[in-house]
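Asks: Sequence plus the predicted model coming up.
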Amino acid sequence: PYIPRARPADEPWSPPAALDAVRGGPARLADDGVVAVLGLHRLEAAEEAVREAPPGAAVTAVLVTGEPAELLPLARLAVAGLCGSLRRAFPPSAWPRLQVVYDGSGALARAAGVAAVSDGTEAAVRVEAGRIVARADGRGACHAAAAARDMPESAGAPHPGETRR
C-alpha cells in the first residue's frame, strides 16, 4: 500500500545514445521495458524493477547524482569492479538483464521526464513500442512502473491492497 501507483502516459520515447556499463556496449534504450532513474542513494530500487518486470523486458538503471563531477567517478569505479568480476566468473548468457547507464548531464533523465535530479531521486518509466506508457516517482517507483501492465485499461483498477466502493 505504500508504493505509489504508476500513472498512465502516452508520450514518445526518444532517449539519447548511452553506454551500458555492464556489457561495455551501447545501451538498448529503445527496447520495451523499464527505465529507472536512480540517485546514488536509491540504487537498491533497481532490484524492484528487475524482480517485477515481465520476462524478456529490458531493465535499465540510469544513475544520477546532484554532484556528478565528484560522485559519478566513484559509482563508475564500484560498478567496474563488480562487472569485472562478473565477466570473469560467468558467460555473457548468465549476466543479469540489468543495464547500467551513467547520466552525468541529466539528458537521459530529462528524456524520461525527470527535470531535476539528486542522490535521492527515484523515478521510472515503462516503455512499450517506442512510447512511455507509464511513469512513477518517489519510493517504490521502480516497482510501480515495472508492474504497470496495459495501463490505459487498468488505470482505474484498485491498487493492490485497496478496495473500491
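Replies: Sure, I can see it.
Asks: tell me the secondary structure for Val133?
Replies: When classified by DSSP: H, G, I helix; E, B strand; the rest coil, Val133 comes out as strand.
Asks: So which residue is smack in the middle of the protein?
Replies: Geometric centre of the chain, nearest residue: Ala36, 1.7 Å, by Cα atoms, centre = their mean.
Asks: contacts for the host helix or strand of it?
Replies: For Ala36, the host element (DSSP states H and E) is strand 33-39. Residues from elsewhere that reach strand 33-39 (Cβ atoms under 8 Å, 6 or more residues apart in numbering): 15, 29, 45-46, 49, 53, 57-66, 103, 108-109, 112, 114, 117-127, 141-142, 145-146. (C-beta placed from N, C-alpha, C; glycine too.)
Asks: and it, what's its mean pLDDT?
Replies: Averaging pLDDT along strand 33-39 gives 98.
Asks: Also stretch 146-164?
Replies: What stretch 146-164 shows for mean pLDDT is 51.
Asks: Stretch 58-67 too?
Replies: Here the average pLDDT along stretch 58-67 is 97.
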